[in-house]
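Visitor: Structure, please.
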Amino acid sequence: MEGNMKIKSSLVLLTLCGLFVGSTNYSNAQEFRYTRYEGVDREKTSIASSELSTSNVGADIVIADGYSFADSLSAMNISNRFNSKLLLDGRGKTDASFISYVANNFKPRKIYLVGGVVSNKIENDKIGNTEIIRISGADRYETNKKTLAIANYKDVGVASGVNYADALSSYSLLREKNIGILLYNPKGNNLFGNYNIKYTFGGNTSVAQNYGERIAGNDRYETSLKIANKTSNRDIVFVSGKTFADALSSINLVNSKKADIILTPDFGSLATKNISEQADNIFVVGGKDTLPDKNIQNAIRGIKKSNTDEADNISGFNLAFRLPDDLKQKIEISRSNYLNESDLMVRMKNPYKGNLFLIFVSDFEKESSSGNYERNIGTLNQNGKNYSVFLFIGKMPEYNDEATYFSTLNSVLNSIEKGALAGTKGSKFTLNRDYFDEMRAKFDMNYSNSNDNTMVNFSIPNTDGKASIILPRNVARKLKWSEDGSRILHKELYSITGDEDASMILMMDLIKYVGTNANTHIAASMNTFGTIEKKGKKYSLYVDNHLGISMFGSDYTMSDEEIKEMNMLNKAIMDSLSNKKTVGIIH
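Guide: Take a look at the predicted model:
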């Protein structure tokens, strides 16, 4: 394409139920514009992406679980065959407004509910003359074959049923070739005799069979690009390669726009740059928390990850950091967008992953921020003006080997004292000894608390701050809540993978009151643990005790120690719930 290329997109604002669709420009030599489809949660994001589907009012709808891809991937077969709009169900959160929205805006002839988890309210609250059809099997593979039968697909592509990435990426090619998706069970007896396999998506480790044409890359991101290169589509849609729910909603745009699904890494490549330049329109599905604008910018421009052991122009100033040779095997550095686009993140390498600290430069002075470990450790004099150089560490540093973590941290701080952080181009950096020593003291204090068994309150979201679980401090410090407050995650594992499914320790949420304050068994490893009152209304506290890695699988291979710790944290939480070590919960 010649000259400056402009990617055109419509600018739409959907205000219903917190839906937002907009466009943003990023420019260097070329101007790129993309349209983002997002909502306040995964359910609203699916509605936002469905607004521009080619399906007319009265067409079919397929509803799938928004919190597990196990059955939801098979919804692609229904959406593909019947040109149905895909909507995601909130697992126990589906309410009257959602059902009313579906009835009033879509007036569907049929609604397909894929999987056994999708809310019964949709079946119970009849929508006009709409026919409700539930498609569910004993497991994800049986559900998958039932969707293939209903869609009457004999020609299929095969992808892993354990990980969502390759199956989702394949949808644009499946759509173009009018074939279905067959999920491969790595631990089961896969019978392919009834199907004509055209493609296999993913490598041999994901799908250990050799039928049809195999399309695979070195990782999920490269695989999605290779699949896209097989289609004749002219539009692309960027989605997260780490969180399935918003990514799954992108199939609505494949249906309406003939777009290829591109899983988006943190940094770009020549391949992502080329496919962006060739696109007529670029779309993004998902919010900025799961897929930041910076990642889209990196993909469109092909911006690669920076050198991992040195950096110039920290925060855009004449300040450089140089790792000593003896630390290069343990430490890597990368750019962060904390205050400025080019702030510096110092991290530990494999196998001791975790953030050490952040360095950024600002033209203001302050001593601390919101109780976090943030200090002006020095001054940069640039062109006759002084700027503050900050060292920042969150309240709870991330690490998976505390002895190595603190030893390495001490070595890096020593390197700063010896000149690893220095001015360039005539600028001068001066260490602020008082604040620098204060930071050291905070690390010493944090280390002494790292094995603390003192009991603390671990607050439960969406309870107006009234309910919490009482846990040992050394357990609570390893936990964090998912973005929507429905899962407890392993903090360190999530920082490594960015994958809520893989790092999930257990699922916990408020559901409709089950009629008793006593603990109630629902299904295997699924129970209620008492009642929480909020704004005069009772809710039951629902807990699904499965580890995310066992429910959803992951591309990330856990070590035995990581699995052991996940089980330990799971047990500690369940012990507190079972023994009623809680606050604000009626048992």
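Visitor: Only C-alpha atoms from now on, for both contacts and neighbour counts.
Guide: Noted.
Visitor: average pLDDT across the one helix or strand residue 224 maps to?
Guide: Here residue 224, judged by DSSP states H and E, is contained in helix 220-228. Mean pLDDT, helix 220-228: 93.
Visitor: Alpha carbons of that helix, in CSV - could you do that?
Guide: The C-alpha trace of helix 220-228 is given here as CSV (Å, rounded to 0.1, in the frame of the first residue of the first chain):
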residue,chain,number,x,y,z
ARG,A,220,-0.2,-19.7,20.4
TYR,A,221,0.6,-16.3,18.9
GLU,A,222,2.5,-17.5,15.9
THR,A,223,-0.1,-20.2,15.4
SER,A,224,-2.9,-17.6,15.2
LEU,A,225,-0.8,-15.7,12.6
LYS,A,226,-0.2,-18.8,10.5
ILE,A,227,-4.0,-19.6,10.5
ALA,A,228,-4.8,-16.0,9.5
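Visitor: Next secondary structure element downstream of it?
Guide: Taking DSSP H and E, what comes next after helix 220-228 is strand 235-240.
Visitor: Report the mean confidence score over that next one.
Guide: In the prediction, strand 235-240 has an average pLDDT of 93.
Visitor: so who does the closest residue to residue 34 other than its chain neighbours touch?
Guide: In this structure, residue 34 finds its nearest non-sequential neighbour in residue 282, 4.8 Å apart by C-alpha to C-alpha, 6 or more residues apart in numbering. By C-alpha atoms under 8 Å, 6 or more residues apart in numbering, the residues touching residue 282 are 7, 9, 33-35, 235-238, 276.
Visitor: Helix, strand, or coil at residue 282?
Guide: Following DSSP: H, G, I helix; E, B strand; the rest coil, the label given to residue 282 is strand.
Visitor: quick revisit: which one of the contacts of residue 282 is nearest residue 551?
Guide: residue 238 (25.7 Å; C-alpha to C-alpha).
Visitor: Give the full set of residues in contact with that closest one.
Guide: Contacts of residue 238 (C-alpha under 8 Å, 6+ apart): 261-264, 282-285, 296.
Visitor: do the same with residue 551
Guide: Per C-alpha under 8 Å, 6+ apart, neighbours of residue 551: residue 70.
Visitor: Report the secondary structure element holding it.
Guide: Counting by DSSP H and E, residue 551 is found in helix 548-552.
Visitor: could you point out which element follows that helix?
Guide: Next along the chain from helix 548-552, counting by DSSP H and E, comes helix 560-578.
Visitor: neighbouring contacts of the very next helix or strand once past that following helix?
Guide: Under the assignment DSSP H and E, the closest C-terminal helix or strand after helix 560-578 is strand 582-583. For strand 582-583, contacts defined as C-alpha under 8 Å, 6+ apart pick out 457, 466-470, 576.
Visitor: so what's residue 29 scoring on pLDDT?
Guide: Reported pLDDT for residue 29: 33.
Visitor: Only C-alpha atoms, please: export the helix holding residue 551 in CSV.
Guide: Extracted as CSV, the C-alpha positions of helix 548-552 are listed here (Å, rounded to 0.1, in the frame of the first residue of the first chain):
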residue,chain,number,x,y,z
GLY,A,548,-7.9,-23.8,37.6
ILE,A,549,-5.2,-25.9,36.1
SER,A,550,-7.4,-29.0,36.5
MET,A,551,-10.6,-27.3,35.2
PHE,A,552,-9.2,-25.4,32.3
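Visitor: Can you mark which positions in it are buried?
Guide: Across helix 548-552, burial judged by 16 or more other C-alpha atoms under 10 Å covers 548-549, 552.
Visitor: Please apply the same query to stretch 151-170.
Guide: 151, 153-170.
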